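Trainee: sequence? don't have it. structure:
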C-alpha cells in the first residue's frame, strides 16, 4: 500500500467517535487535508478538538452537511456507526466521491499480513485468543478493530513483518473495497443488526464480503455447523477450512468427545484436550478451533498454538464469573447483545438461574432465546426499551416468571432477594446497551459494581 497516495487530498471523515478520531489522526499523519463531519449539531467543537492531535488543522463541521461540500472532496471515510442510506451519504455518492470505511483506510495505509475475523458471535474471544497466539510467534503483532483498538491508530506502525489480527463487524465490512486478509474467518451468521441491514440476505452478503478479495492463495475458516456457511464454501474464492463441534471432518478441525483434532489430509493432529482449556462451553471450543485453524493457516507451529490455548482465559463481559455471595454465583455476560449470543450464555449455566435481560431494540425476535431456557431459568428480570416486548414474547412461549425492573441496579437487587443458595444470577441481555449505557463494557462494569456493593 502506498502511504503517499492521500498526501494533499481533501478527505471528509464522517463521524466523530473513536473510529472517526482515529481516521483523522491517520489522515493528518499522511498529510491529507481533513474535514471532520458529524450530523449531531449539539456536539461541542472544543471538546472534539481536545481529542485531535495538538497541532491539528482539521476543520470541524456539525449539523446539516453544506450542499456544496461534496463537490470539493476527493474522498469520504465513514465511521462504522454511520448508516450508508442516509441523505448526506447519498449526496456524497451522487457527487461521485469514493466512500471508504475506516478499515479500508487502515488496510491501505498498513502493511504486513492480515488475519481477519467476523461473525455474529464469538468474534472478541476468537480475536483475543488469536492475538495471543500470534504474539507468541511473531515480534510485531497488532490486535485491532471492533475489539476496542482502532485499526487506523496502528496502521502506520506496521511493517511487512507485522501481523494484524482484526475483529471486523458487518458495519465495517460494508465499506471495504480492496481489503484482503491472508486468512479470514466467518464464525457464524445469526439474526442481528436488521435495523441497519434491513434483510437477513443483506446481512449475510456483507458478512461474506470478508473473503470477497481473497484468492486460492488465501484461507477462509468457516463454521461447518452453519448451513449458510457450508453453502458459502462452494463459492468462496479462498481455500476453505472448516471447524466443527458436532461432526468429525475428513479435512479440518473438529471436536471429538473431549479432544480437539486437526486433519490436514496427510496427518491427524491432537490439538488439545478440552479438559485442559480454561474456556468453558461448546461455543468457546468453537472459538478455540477457529483461532487454531487461522494460526495454523498463517504458519504458526502447533506447539506454540497449543501452549497459548491452554493458558488463555475468558475475555471480560463474556460469561465472566464475578463473585459468589451467600451461595449465589454471579456471571457477567454483557457481551450477549443479541438473542443468539444470549442463548450461548444460558446454555453455559449449570445451575438454576435468575436471568437479567433487555435493553435497546435492534428489532430482534426473542422467542428462540426464551425456548432455550430449557427449565434452567427461575426468573427473567427485564430492563430497558425492550422489557415489555420480551415479556410479551416470554408469555407467548408459556414462560410466565417475568419481572419488570426500572434499571440494572434494581434488577440485581430483585435477583439477590429471590435467589436461593446454589442459584446463579446471569446478566445476558440479548439486546444492545444503548439508551441506558454507552456500550456493553460499561453495562458489564456497572453490573459488577452493583454485585460487589451487595457483598459489602
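Mentor: Received the coordinates, thanks. As the structure is a computational prediction, the values presented were derived from the model and not from experiment. Residues are numbered from 1 along each chain as shown.

Trainee: could you pull out the helices for the stretch 251-400 of the chain?
Mentor: 282-297, 302-311, 339-347, 367-371, 387-396 (DSSP state H, counting those that start in this stretch).

Trainee: Check those helices for me and report the most buried one.
Mentor: Per residue and on average, the most neighbours among the helices of the stretch 251-400 of the chain fall to helix 282-297, with a mean of 25 (mean count of other C-beta atoms under 10 Å). Using the backbone N, CA and C atoms, a C-beta is placed for each residue, glycine as well.

Trainee: now the angle from that helix to helix 339-347?
Mentor: 110 degrees (axes from the mean of the first three to the mean of the last three C-alpha atoms, to 10 degrees).

Trainee: so how far is stretch 86-100 off the chain centroid?
Mentor: From the chain centre to the centre of stretch 86-100 is a distance of 26 Å (C-alpha atoms, centre = their mean, to the nearest Å).

Trainee: outside of it, which residues touch it?
Mentor: The contact list for stretch 86-100 (C-beta atoms under 8 Å, 6 or more residues apart in numbering) reads 12, 14, 37, 39, 65, 67, 70-71, 73-78, 82-84, 108, 175, 177.

Trainee: Next, residue 413: secondary structure please.
Mentor: When classified by DSSP: H, G, I helix; E, B strand; the rest coil, residue 413 comes out as helix.

Trainee: And the contacts of stretch 86-100, which of them are buried?
Mentor: With burial judged by 16 or more other C-beta atoms under 10 Å, the buried subset of these is 12, 14, 37, 39, 65, 70, 73, 75-78, 82, 108, 175.

Trainee: Out of the residues you listed, list just those in strands.
Mentor: Members of those lying in strands (criterion: DSSP state E): 12, 14, 37, 75-78.

Trainee: tell me the two of those that are most distant?
Mentor: Within these, 37 and 75 form the most distant pair, 12.8 Å apart (C-beta to C-beta).

Trainee: shared neighbours of the two, which are they?
Mentor: residue 12.

Trainee: for the buried ones among the contacts of stretch 86-100, which one is nearest residue 232?
Mentor: Comparing the buried ones among the contacts of stretch 86-100 against residue 232 with C-beta to C-beta places residue 175 closest, at 20.7 Å.

Trainee: what about the closest residue to the closest one other than its chain neighbours, distance to residue 124?
Mentor: Spatially, and ignoring its direct neighbours in sequence, residue 175 is nearest to residue 101 (2.8 Å; C-beta to C-beta, 6 or more residues apart in numbering). For residue 101, the distance to residue 124 (C-beta to C-beta, to the nearest Å) stands at 19 Å.

Trainee: which of these two has more neighbours?
Mentor: Regarding residue 101 and residue 124, a neighbour count based on other C-beta atoms under 10 Å identifies residue 101 as having more, with 27 against 21.

Trainee: and the residue nearest to residue 326 when sequence neighbours are not counted, what does it touch?
Mentor: Using C-beta to C-beta, 6+ apart and skipping residues adjacent in sequence, the residue nearest residue 326 is residue 421, 6.7 Å away. By C-beta under 8 Å, 6+ apart, the contact list for residue 421 reads 326-328.

Trainee: buried subset of the residues you listed?
Mentor: residue 328.

Trainee: Which of the contacts of residue 421 sits closest to residue 155?
Mentor: When the contacts of residue 421 are compared against residue 155 (criterion: C-beta to C-beta), the nearest one is residue 328, at 46.2 Å.

Trainee: need the contact list for that closest one.
Mentor: Contacts of residue 328 (C-beta under 8 Å, 6+ apart): 416, 419-425.

Trainee: do that again at 6 Å, thanks
Mentor: Residue 328 makes contacts with 419, 423, as judged by C-beta atoms under 6 Å, 6 or more residues apart in numbering.

Trainee: Show me what it is bridged to.
Mentor: residue 325 (DSSP bridges).

Trainee: got it, and residue 402?
Mentor: In beta-bridge terms (that is, DSSP bridges), residue 402 pairs with residue 380.
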